[in-house]
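Enquirer: My questions concern the predicted model and sequence given below.
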Amino acid sequence: MTFISTPSRYSMAVVLVTTSLLSGCDIDVPFSIKVPVAFAGEEEHSIWLMQKTHSATFVSQTTGLSSVVEKACSAGSLDTTEVKSAWIDTMKAWMPLQGIETSNPAAASLNWQIQFYPDKKNTTGRKITALLKSDGPYSAEALAKQSVSVQGVGALEWLIYEPKTMGDTENRCALARAVSQRLMQSAEGLYHAWEQDPWKDQSEKALNAASVSMLAGQLDFVMKKLSLPMGKPGYPKPFQAEAWRSKVSLTLIKDNVAAMYALYLADLDVVLRAKQKTELADRLTKHWQDTVTSVPSGDALKPLLDTPENYRSLIGLSNNLEYLKLALSDEVGPALGMVVGFNSTDGD
């Protein structure tokens, strides 16, 4: 990959590049990473452009998912490869937006509506089961009055992958249609929340705080996605993993890591280098690369919880994420003039 450095965080767009090379180092990466490229004459924040782009992609994926669900149910069965692929693609589009709780309250207010996770008490399963046994009505409007646990991607995963639903095709399809339409509405709301730059006219210090806060919040969320199913050594909790029914928990963590690395490259790396903090920027870039390559291969998380050797690979990934989180608060924050003890709730 060729990284095109820029003197400022402004005037950037996002393009997709291959990553056989990372910053001059021969490191094979199992997925693509988005990095900034400068466009002259624009005055837009790179982190806003990224969220705006990601939210537009999410709208596109949820719209496609709703269409695929409608087509499958019209043909008489939700159990199709196309439905499962569309759901996974929607989840992958959600990963760059997942875990952002600061700076944009309108967007953050939709997070639980889009994904009810963690769901430690199987609230989604219990409420979906109750809805399937009811007489409806099944519509996006009706679901909007129900618990957020039945309005998002987790509810759809339950309907698509849970064996308990296989025998109730009529109600199952009706509810899946409604959930997919409600999810599409939420995605559209998210896009509208990112239409305007929440950092417009803010000071550089405030923008730095927001950028660190966003990345710290996403790191927190991904570390939780990893720690919950890991439990304690010898006592894992595989059913606490995100997307365990669809067996793509690890795939989604890979996408999380790629998205966070892209967010770092698009903004904080540029700012640190502009402030002549080259050693710190180089070290963090190297550790991001190490974190990317430390994500174990495979799609599901559960197989890695079953043996000590595989479990240790998850500990390694967790340690890398923890290092990055500490580096943000203990090194990046002070380097950008923030007080020590900065956390992911700052920068609102």
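Expert: Yep, that arrived. All figures in this text were calculated on a predicted structure; none of them were measured in a lab. Residues are numbered from 1 along each chain as shown.
Enquirer: can you give me the strands for this protein?
Expert: 12-17, 33-38 (DSSP state E).
Enquirer: Rounded mean pLDDT for the last one, please.
Expert: By that I understand strand 33-38. The predicted model gives strand 33-38 an average pLDDT of 40.
Enquirer: Now do the closest residue to residue 250 other than its chain neighbours: how many residues are near it, please.
Expert: In this structure, residue 250 finds its nearest non-sequential neighbour in residue 301, 4.8 Å apart by CB to CB, 6 or more residues apart in numbering. C-beta: built from backbone N, CA, C; applies to glycine. The tally of other residues near residue 301 (other CB atoms under 10 Å) stands at 28.
Enquirer: from what I can see residue 301 touches residue 241, true?
Expert: Yes. Between residue 301 and residue 241 a contact is recorded at 4.7 Å, counting by CB atoms under 8 Å.
Enquirer: Can you pull the residues that touch both of the two?
Expert: 229, 249 (CB atoms under 8 Å, 6 or more residues apart in numbering).
Enquirer: what's the residue nearest the centre of the chain in contact with, if anything?
Expert: Residue closest to the average C-alpha location in the chain (CA atoms, centre = their mean): residue 95, at 2.0 Å. Going by CB under 8 Å, 6+ apart, residue 95 touches 252, 255-256, 259.
Enquirer: same thing with residue 317?
Expert: Residue 317 neighbours (CB under 8 Å, 6+ apart): 226, 253, 291, 294-296.
Enquirer: Separate out the buried members of those.
Expert: 226, 253, 291, 294-295 (16 or more other CB atoms under 10 Å).
Enquirer: which residues does residue 89 contact?
Expert: Residue 89 touches 61, 64-65, counting by CB under 8 Å, 6+ apart.
Enquirer: mind running it again at 7 Å?
Expert: residue 61 (CB atoms under 7 Å, 6 or more residues apart in numbering).
Enquirer: Pull the distance from the helix with the most length in the chain to the chain's centre.
Expert: In the chain, with assignment by DSSP state H, the single longest helix is helix 46-74. Its chain's average C-alpha position is 14 Å from that of helix 46-74, according to CA atoms, centre = their mean, to the nearest Å.
Enquirer: what packs against it?
Expert: Packed against helix 46-74 by the contact rule (3 or more CB pairs under 7 Å, 6 or more residues apart in numbering; DSSP states H and E) you find strand 12-17, helix 81-94, helix 169-193.
Enquirer: Go through the longest one and flag the buried ones.
Expert: If you call a residue buried by 16+ other CB under 10 Å, then helix 169-193 has these buried ones: 171-191, 193.
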